[in-house]
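Visitor: Sequence and predicted model, in that order:
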Amino acid sequence: MECISRLRLLRSGPIPSGFHEIVRFSSSGSSKRWTTRQRRDPYSREATLRNLKSRAAFKLLEIDHNHHIFRHGQTVVDLGFAPGSWTQVAVDRTGRKGRILGIDILPCMPPKGASAIQGNFLHMETQREVKAFLSEDSLGRPIDRDALGAAGEEVSYIDLERQSELSASSHEGVDNTRRSANTSAGVRVVDVVLSDMMANTSGNSFRDHALSMDLCNSALAFAVDTLKRGGHFICKFYSGVEDVDLERRLRKAFDIVKREKPRASRSESREQYFVSKTLKEGVTKQDLYGDLYDY
Ligand SMILES: C[S@@+](CC[C@H](N)C(=O)[O-])C[C@H]1O[C@@H](n2cnc3c(N)ncnc32)[C@H](O)[C@@H]1O
């Protein structure tokens, strides 16, 4: 038996081109400007005080405050989760029985209580792995040893060994020990899909918008494939000419679609969020995209 997230997290292969710029060198002028801005920014200070991985948490907290996205016990998929502040919010809001899976192109340990898969979400292979993980109901569930005992199940030494090995190497307090050999492609088990995916912006607004639309469309096709009826989809996008097409698709798939610019989103940034609630019955990704995302 093997664990998807463990395999992906332990793989320390080269970081894909375009992501190296994320590293900030302390001696550069732009780094000093970035550090000064972070120190002055109230959201960054508050994030540090609250032990949140980044100021981005406040965008999702505001969206949840306005739109009531989360409930206890939900399954949440967080696309582009690193460094993990949205995942922290999802873990917190879904409580002890929540199941949270983060995906990122960068290697990153998920926050406590969540699982993670490393991979490029635009690649079919990554999406297949995510669906395989989701289709195995026992994966990514918080460990509740008391409940196991109460049910009278015997936990073998090998199970415990495997559990502690996986918990240490992938994430804490989450059960990833079982994986079905035969995984299905269509899995409607998700309550909320979040996507905050974006690579570093290039400064070329057309290019950034085009990349953002690729990520959003891929996330939407995945959401429509994996959300339960009534599920919700939150998606960051960089505004531009094509966002009306995205909005049209969202309206076809969800009962309620709103554009949001949370206060924590910097005013100079072109980023906005689509908050889409309540997946309609019977909508498929083929209805939105034909055969484009045929996997
Ligand atoms: C703004 S950050 C997300 C911040 C996160 N929501 C948080 O609260 O900590 C965007 C993330 O999207 C990831 N990303 C960008 N393109 C991606 C892709 N094609 N596949 C997977 N992750 C991607 C980046 O690596 C980055 O970690």
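Guide: Looks like it came in fine.
Visitor: Pairing partners for the host helix or strand of I103, with directions?
Guide: In the assignment (DSSP states H and E), I103 maps to strand 99-104. In the sheet, strand 99-104 lines up against strand 75-79 (parallel), strand 115-118 (parallel) (DSSP bridges).
Visitor: What score does the closest residue to the ligand within the stretch 151-295 of the chain have for pLDDT?
Guide: The stretch 151-295 of the chain approaches the ligand most closely through D196 (3.4 Å), counting by C-beta to the nearest ligand atom. (Glycine included, C-beta is placed from N, CA and C.) At D196, the model reports a pLDDT of 98.
Visitor: The longest helix anywhere in the chain packs against which elements?
Guide: The residue-count maximum for a helix in the chain (DSSP state H) belongs to helix 205-226. Judged by 3 or more C-beta pairs under 8 Å, 6 or more residues apart in numbering; DSSP states H and E, helix 205-226 is in contact with strand 75-79, helix 124-135, strand 190-195, strand 227-238, helix 243-253, strand 271-279, helix 285-289.
Visitor: go with 10 Å
Guide: Counting by 3 or more C-beta pairs under 10 Å, 6 or more residues apart in numbering; DSSP states H and E, the packing neighbours recorded for helix 205-226 are strand 75-79, helix 124-135, strand 190-195, strand 227-238, helix 243-253, strand 254-260, strand 271-279, helix 285-289.
Visitor: Flag every buried residue along that helix.
Guide: By neighbour count with 16 or more other C-beta atoms under 10 Å, helix 205-226 contains the buried residues 208-209, 211-213, 215-226.
Visitor: near the ligand, from the residues you listed?
Guide: Filtering the buried residues of helix 205-226 for proximity to the ligand by C-beta under 6 Å from any ligand atom leaves L215.
Visitor: quick revisit: turn the helices and strands packed on helix 205-226 into a markdown table, including distance to A90 and mean neighbour count.
Guide: Supplementary listing: the helices and strands packed on helix 205-226 in a markdown table, determined by distance: least, C-beta to C-beta, whole Å; neighbours: other C-beta atoms under 10 Å:
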| stretch | distance to A90 | mean neighbour count |
| --- | --- | --- |
| strand 75-79 | 4 | 27 |
| helix 124-135 | 15 | 18 |
| strand 190-195 | 7 | 25 |
| strand 227-238 | 10 | 22 |
| helix 243-253 | 21 | 16 |
| strand 254-260 | 17 | 16 |
| strand 271-279 | 15 | 20 |
| helix 285-289 | 23 | 17 |
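Visitor: Adding distance to Q88, write those out as CSV.
Guide: Shown next, in CSV, are the helices and strands packed on helix 205-226 (distance: least, C-beta to C-beta, whole Å):
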stretch, distance to Q88
strand 75-79, 10
helix 124-135, 20
strand 190-195, 12
strand 227-238, 15
helix 243-253, 26
strand 254-260, 20
strand 271-279, 18
helix 285-289, 29
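Visitor: what about these, which gets the closest to D104?
Guide: Among the helices and strands packed on helix 205-226, the nearest to D104 by C-beta to C-beta is strand 75-79 (8.1 Å).
Visitor: Surely S269 is in contact with P262?
Guide: No: distance between S269 and P262: 11.0 Å, which falls outside the contact criterion (C-beta atoms under 10 Å).
Visitor: Which one of those two is surrounded by more residues?
Guide: P262 (19 against 11; other C-beta atoms under 10 Å).
Visitor: For my notes, confirm that one occurs in a strand.
Guide: No: using DSSP: H, G, I helix; E, B strand; the rest coil, the assignment for P262 is coil, not a strand.
Visitor: And it, what's its pLDDT?
Guide: 97.
Visitor: Please apply the same query to Y295.
Guide: Taking Y295 on its own, its pLDDT is 78.
Visitor: wait, what's in contact with it?
Guide: By C-beta atoms under 10 Å, 6 or more residues apart in numbering, the contact set of Y295 is H123, M124, E125, Q127, R128, K131, A185, A221, F222, D225, K285.
Visitor: and the ligand, which of the strands paired with strand 99-104 is closest to it?
Guide: Taking C-beta to the nearest ligand atom, strand 75-79 is the member of those nearest to the ligand, at 6.5 Å.
Visitor: any idea of the mean pLDDT for that closest one?
Guide: When pLDDT is averaged along strand 75-79, the result is 98.
Visitor: Could you check how far the helix or strand following it is from the centre of its chain?
Guide: Per DSSP H and E, the first helix or strand lying C-terminal to strand 75-79 is helix 85-94. Helix 85-94 sits 10 Å away from the centroid of its parent chain (C-alpha atoms, centre = their mean, to the nearest Å).
Visitor: now swap in stretch 231-251 and tell me
Guide: The answer for stretch 231-251 is 17 Å, by C-alpha atoms, centre = their mean.
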